[in-house]
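**Q** everything below, folded, please.
(5 chains)
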Amino acid sequence: MHVGKVVGNVWATKKEESLEGLRFLLVQPFTVDGPPSTEVIVAADPIGAGIGETVIVAHGRAARHAIGRGHDVGFQVAVVAIVDQLALGDGEPFEL
Amino acid sequence: MHVGKVVGNVWATKKEESLEGLRFLLVQPFTVDGPPSTEVIVAADPIGAGIGETVIVAHGRAARHAIGRGHDVGFQVAVVAIVDQLALGDGEPFEL
Amino acid sequence: MHVGKVVGNVWATKKEESLEGLRFLLVQPFTVDGPPSTEVIVAADPIGAGIGETVIVAHGRAARHAIGRGHDVGFQVAVVAIVDQLALGDGEPFEL
Amino acid sequence: MHVGKVVGNVWATKKEESLEGLRFLLVQPFTVDGPPSTEVIVAADPIGAGIGETVIVAHGRAARHAIGRGHDVGFQVAVVAIVDQLALGDGEPFEL
Amino acid sequence: MHVGKVVGNVWATKKEESLEGLRFLLVQPFTVDGPPSTEVIVAADPIGAGIGETVIVAHGRAARHAIGRGHDVGFQVAVVAIVDQLALGDGEPFEL
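**A** Now for the predicted structure:
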């Protein structure tokens, strides 16, 4: 999953200590030609996305880079961009 | 799969020796707008989650970091946080 | 997902700074013997693919290599080839 | 896929040379609340699992560690534990 | 996806330069107890598999090892073995 909509927030008091102070969002994958995905993932959010925004989500080393706490960190999924325009096929771009 | 509910425990006597003494949980992915996932994954649990709790699960290097036995370890999925509040859309947060 | 069709573009103003100036495409996975995939992924495009083209998509280190900005970069999915011919089974290759 | 049942064996004469002498099993993912998975994966088996046993499967570096041939090896999925007891919800553990 | 059948070939003229001269195959995942997968993946083929053969596919570092061009290469999925016998459950092995 690499693009989706922010559909919620989660809060965790008990967690791996390297995650202290990180925001965690629920992101629902973007789909075409079908029903919305029932899958939801958690992503750390170092850039400040809000509910309803469409975001690009990175995994692994790229996500750790974006989180910005080095590579000894206890999560590997992060929001790295907030999508403001999207175009499908030859259609006009539309604002999100 | 990055967020789900703890639905069971597994015990393994015969295993890769670096896994000795680790707890293993069965975690069922969280879904929205649809039936529960039929998928179940196994996660090592270094933080003490219980049956019915919602947890954040890390993979790869992040999971090895959370397991805390260095990077020469025979598993790469781990519980890294126990979710205590969750909010969908603009709704109020609710306790889990 | 490793092969698919370019179905759209996304633009993001607010993003992890290492992604500045990168093009991002929406890619829909290629399927056989069934309906088109409803999944869509985002891939960085360092080679200039266009809407409707079939592309090979790399992940992780291979994608970072293709992006060409070193390994401290905030995304790990990239278009690495534009497919111009494809053959299924013993059939003749056809142009895409 | 991280837990499943051993449903078969595969043999390959022509293979990447670092895989010489490794056993390969077919493993079907464990599911709950639904039909069995139709997906099957291949895992190298360095610990001697048998048909019908439930196993934990590792990926990536963890699997290479378990295979025990260093990190220049041509496969990255391995059986790392044989599950002998499993409990769902608050139920009693049962033998597998 | 780690085991599947070779169902096609793809050719790409425009590609990341480290991929020059590599063969690319379309591989359809092996399934049990259900319809064939509609998913198809691309794998680099350094060992010479043919249409209709069942192959084991590696990902990430293992695939780069099998490709044999070092780790600065623009793809991370590769055929690493050609399966010649397969047995399901306690059945007799059969040739593929």
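**Q** skipping adjacent residues, who's closest to A:I41 in space?
**A** Distances taken as Cβ to Cβ, 6 or more residues apart in numbering or on different chains put B:H2 closest to A:I41, at 4.6 Å, once the chain neighbours are dropped. Where you see a C-beta, it was placed from the backbone N, CA and C, and this is true even at glycine.
**Q** same check, this time on A:T38
**A** B:G34 (3.2 Å).
**Q** which element, helix or strand, includes that neighbour?
**A** Under the criterion DSSP states H and E, no helix or strand holds B:G34.
**Q** tell me where chain A is predicted with low confidence.
**A** A:1 (pLDDT under 70).
**Q** and the residue of it nearest chain E?
**A** A:G60 (9.9 Å; Cβ to the nearest Cβ).
**Q** is it true that that residue touches C:Q76?
**A** Yes: A:G60 is within contact range of C:Q76, at 5.7 Å (criterion: Cβ atoms under 8 Å).
**Q** can you pull out the helices in chain A?
**A** Along chain A, counting by DSSP state H, helices occupy A:61-67.
**Q** so which bits of it are right by chain B?
**A** Contacts of chain A with chain B, taken as Cβ under 8 Å from any Cβ of the partner chain, map to A:7-16, A:18-19, A:24, A:26, A:28, A:35-36, A:38-43, A:51-52, A:60-61, A:64, A:71-77.
**Q** separate out the buried members of those.
**A** With burial judged by 16 or more other Cβ atoms under 10 Å in any protein chain shown, the buried subset of the residues of chain A next to chain B is A:7-12, A:15-16, A:18-19, A:24, A:26, A:28, A:36, A:38-43, A:51, A:60-61, A:64, A:73-77.
**Q** could you give the bridge partners of A:W11?
**A** Applying DSSP bridges to A:W11 gives these bridge partners: B:Q85.
**Q** who in chain A is up against chain C?
**A** A:1-3, A:29-35, A:37, A:46-48, A:54, A:56, A:58-63, A:65-66, A:80-90, A:93.
**Q** buried ones among the residues you listed?
**A** Applying 16+ other Cβ under 10 Å to the residues of chain A next to chain C flags A:1-3, A:29-31, A:37, A:46-47, A:54, A:56, A:58-63, A:65-66, A:80-84, A:86-88 as buried.
**Q** take the residues you listed and keep only those in strands.
**A** If you go by DSSP state E, those have A:3, A:29, A:54, A:56, A:58-59, A:80-84, A:86-88 in strands.
**Q** can I get those residues in a markdown table with distance to chain D?
**A** Compiled in a markdown table, those are given as follows (distance: Cβ to the nearest Cβ, whole Å):
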| residue | distance to chain D |
| --- | --- |
| A:V3 | 24 |
| A:P29 | 19 |
| A:T54 | 29 |
| A:I56 | 23 |
| A:A58 | 17 |
| A:H59 | 12 |
| A:V80 | 22 |
| A:A81 | 26 |
| A:I82 | 30 |
| A:V83 | 29 |
| A:D84 | 34 |
| A:L86 | 31 |
| A:A87 | 34 |
| A:L88 | 30 |
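**Q** now flag whichever of the residues you listed is closest to chain B.
**A** Nearest member of those to chain B, counting by Cβ to the nearest Cβ, is A:H59, at 8.3 Å.
**Q** how about the nearest residue to the closest one, chain neighbours excluded?
**A** A:V77 (5.6 Å).
**Q** how about A:I47?
**A** A:V79 (5.8 Å).
**Q** equivalent analysis for A:V73, please.
**A** A:S18 (4.6 Å).
**Q** isn't the residue nearest to A:H59 up against A:P46?
**A** No: applying Cβ under 8 Å, one finds A:V77 not in contact with A:P46, separated by 11.5 Å.
**Q** spit out the contact partners of the closest residue to chain D within chain A.
**A** Using Cβ to the nearest Cβ, the closest approach of chain A to chain D is made by A:G60 at 9.9 Å. Neighbouring residues of A:G60 by Cβ atoms under 8 Å, 6 or more residues apart in numbering or on different chains: A:76, B:60-61, C:60, C:76.
**Q** what residues does chain A put near chain D?
**A** Counting by Cβ under 8 Å from any Cβ, no residue of chain A sits close to chain D.
**Q** residue nearest the centroid of chain A?
**A** A:V79 (3.7 Å; Cα atoms, centre = their mean).
**Q** give the residue farthest from the middle of chain A.
**A** A:D90 (26.3 Å).
**Q** ramachandran angles for that residue?
**A** phi -90, psi 10 (degrees, to the nearest 10).
**Q** what's the closest non-adjacent residue to it?
**A** C:I51 is the one closest to A:D90 (Cβ to Cβ, 6+ apart), at 6.1 Å.
**Q** surely A:V73 is in contact with A:E20?
**A** No: if you go by Cβ under 8 Å, A:V73 and A:E20 don't touch, sitting 10.6 Å apart.
**Q** OK, contacts around the residue nearest to the centre of chain A?
**A** A:6, A:25, A:27, A:43-47, A:49, A:55-57, A:66.
**Q** and for A:R64?
**A** By Cβ under 8 Å, 6+ apart, the neighbours of A:R64 are A:70-71, A:73, A:76, A:78, B:61-62.
**Q** 7 Å instead, please
**A** By Cβ atoms under 7 Å, 6 or more residues apart in numbering or on different chains, the residues touching A:R64 are A:71, A:73, A:76.
**Q** same question for A:V3.
**A** A:30, A:54, A:56, A:83, C:10, C:40-42 are the contacts of A:V3 under Cβ under 7 Å, 6+ apart.
**Q** let's see that with 6 Å instead.
**A** For A:V3, the contact set (Cβ atoms under 6 Å, 6 or more residues apart in numbering or on different chains) comprises A:30, A:56, C:42.
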